[in-house]
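> Here is the input, now give the coordinates:
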Amino acid sequence: MKIKLVLFALIFTWSSMVYGSMRRCMLLPVKDSVGGALGFKVFTDVERYLKDSDWCYYTSNSEILNILSNYKRNLNSILEDPRVLKIISEKTQTGSLIKVEITNQIQGVDLEIGVFGENGEDVYFKEKTRLTVDDPKVIAQTVKNWLSVYEKQIPYDGRIIGVLGNQFSIDVGTNRSLFAGNELLILRPIRKRKHPLLKEIIDWETEKLGSAKIIHSTEGQSQANVTQYDTKRKVRNGDWVVLKKSSKVGVVEQKKFVEEDDYSFGKLGEVSLMFNFGKGSATSENPTTKKIGGTVLGVDLGTTLWITRKYWVGLDISRVVGSLSQEEGTLTNSSNSMANSFFRVKAGYKYLPMGFFYGPQIDAYFGYANYTYALDTATSDGFTEVSFKGILMGAKGSIPIKKVFRAHVELSFLFNPGFTEEASVYATEDDSARNYTLEFGGKYLYAPNMTFDFAYGVNSSKASFVSPVRSTTVKQSTFKLGTTFTF
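Residues are numbered from 1 along each chain as shown. Next up, the predicted model:
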């Protein structure tokens, strides 16, 4: 293998010390487990998409295939070597090497994609899914969906490839909606940040050097002039340029959805803050029915951390308070207060039916939850602080509507929950207890890392006793408004 690598390196001479742009891409031979028949069809479809795309300047791999033709049997293992990938990148000046692997199963295929950087080691993007069909068109469309996600994660619109005084050239032009008169930000990459578990590149630390304006633009290249320096550092080859979103000269007709909404996949997780308002109630059947209810207000705080792109952990904390009054039956105390505290810790798996992160999603999770309903103790009326806690199980489904809306429904429950009461109102151990939470809602995408959220949720808990027949039920139904930040 070492001899083959040396021969390969000799054939591929060093062409430049400037790293390849992420907007210059190459699709490596698609690996499959059926002798290449399926992989070739997928390769042809995806390659056609890349050639027609305007986010990636596609470089054909025909030269690579000719050189590696003698190693066809070991091609897959050769392309696993980061040193080989680095040489390919240097020769072709591509900064996005796309690898697709297909593994046939009894029903369907396992599909995996990886996008590697110019050094052959950096992983810019990686996804894997199980498809229930082996149709090459479905497989290719899934790959194209993933590449659309990757496109939105590229941190720049172009790179500087030549500098003369305060003027410089950019490796993209009208093909990336850069027109004469557009204003640019000039950034210098400092270092890359990797996900602590995935080892993927999730962010870049950059320094703003200044601003510039495009003075001339062709389809594949632009020239710009520095209008302002923010540091003492001068522009050099390899620096990044980002089109200012407020710069609209010549872009009205060319602008596409991705330019308007620079979506990017979350880096480590998300945090949400929701304000609640609605109704709370408590019902005691001991043996006559007594019920109190009223308005409640509160706040929810939720945090989700992504272990991988599909596995996650979360923590939810909620606090709701309100004043309740008599609604049914004869009560000794006609009023009461409610202070509900909810705590949930969970771990889950995200299933992507279409293999596309921005498409439909189904989350299944389990964990532990404690729901405490703090009522003022009124033994004669059958009310006191009660708690339901135990193993949490749930599922959540969401689906995009249009481009900036997403709707969801979520159902969770406690499996055989434990019941405790602060004061001895019922005096015996419960014979059965139950709890469920149901929520409907949606999200409006306000910014790439921020959504406005709205929902309606019901949380209900009940403990029943057989001898004698008694029960206590606590419930809250609230509307929720808030926001979620992706970080």
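> Which helix or strand lies directly C-terminal to the helix or strand of the chain with the lowest mean pLDDT?
For the chain, counting by mean pLDDT, DSSP states H and E, helix 257-260 ranks last in confidence among helices and strands (a mean of 36). Tracing the chain past helix 257-260, the next element assigned as helix or strand by DSSP states H and E is strand 269-285.
> Name every strand pairing with that next one and say which way it goes.
Note on strand 269-285: by DSSP bridges, its sheet partners are strand 289-306 (antiparallel), strand 470-486 (antiparallel).
> any idea of the mean pLDDT in that strand?
On average, the pLDDT along strand 269-285 is 93.
> Next, the buried residues of that strand.
Residues Gly269, Glu270, Ser272, Met274, Asn276, Gly278, Gly280, Ser281, Ala282, Thr283, Ser284, Glu285 are the ones in strand 269-285 that count as buried (16 or more other Cβ atoms under 10 Å). (Each C-beta comes from the backbone N, C-alpha and C, glycine too.)
> Next, count neighbours for Val466.
Using other Cβ atoms under 10 Å, Val466 is surrounded by 11 other residues.
> For Tyr229, which residues are in contact?
If a contact means Cβ atoms under 8 Å, 6 or more residues apart in numbering, then Tyr229 has Leu209, Gly210 as its contacts.
> Just put the strands paired with strand 269-285 in TSV and tack on distance to Asp203.
Formatted as TSV, the strands paired with strand 269-285 follow (distance: least, Cβ to Cβ, whole Å):
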stretch	distance to Asp203
strand 289-306	14
strand 470-486	12
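> With mean neighbour count, mean pLDDT and distance to Pro400 added, can I get those strands in JSON lines?
Listed next are those as JSON lines, based on neighbours: other Cβ atoms under 10 Å; pLDDT from 0 to 100; distance: least, Cβ to Cβ, whole Å:
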{"stretch": "strand 289-306", "mean neighbour count": "18", "mean pLDDT": "93", "distance to Pro400": "18"}
{"stretch": "strand 470-486", "mean neighbour count": "20", "mean pLDDT": "93", "distance to Pro400": "15"}
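> which one of those lies closest to Asn182?
strand 470-486 (27.6 Å; Cβ to Cβ).
> How far does the closest one sit from its chain's centre?
Taking Cα atoms, centre = their mean, to the nearest Å, one finds the center of strand 470-486 at 25 Å from the center of the full chain.
> same question, stretch 199-214
Using Cα atoms, centre = their mean, the offset of stretch 199-214 from its chain centre is 21 Å.
> One more: stretch 213-231?
33 Å.
> Leu411 is nearest to which of the strands paired with strand 269-285?
strand 470-486 (15.0 Å).
> could you dump that closest one to PDB, C-alpha only?
This file holds the C-alpha atoms of strand 470-486, laid out as PDB (Å, rounded to 0.1, in the frame of the first residue of the first chain):
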ATOM      1  CA  ARG A 470     -61.700   7.900  45.500                       C
ATOM      2  CA  SER A 471     -59.500   9.800  43.100                       C
ATOM      3  CA  THR A 472     -57.600  13.000  42.700                       C
ATOM      4  CA  THR A 473     -56.900  14.700  39.300                       C
ATOM      5  CA  VAL A 474     -54.800  17.700  38.500                       C
ATOM      6  CA  LYS A 475     -54.600  19.300  35.100                       C
ATOM      7  CA  GLN A 476     -53.300  22.300  33.200                       C
ATOM      8  CA  SER A 477     -54.000  23.500  29.700                       C
ATOM      9  CA  THR A 478     -51.900  26.300  28.500                       C
ATOM     10  CA  PHE A 479     -51.000  28.300  25.400                       C
ATOM     11  CA  LYS A 480     -47.300  28.800  24.900                       C
ATOM     12  CA  LEU A 481     -45.400  31.600  23.100                       C
ATOM     13  CA  GLY A 482     -41.600  31.900  23.000                       C
ATOM     14  CA  THR A 483     -38.400  31.500  21.100                       C
ATOM     15  CA  THR A 484     -35.700  28.900  20.400                       C
ATOM     16  CA  PHE A 485     -32.000  29.600  19.800                       C
ATOM     17  CA  THR A 486     -29.700  27.200  18.100                       C
END
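> That concludes my questions; thank you for your assistance.
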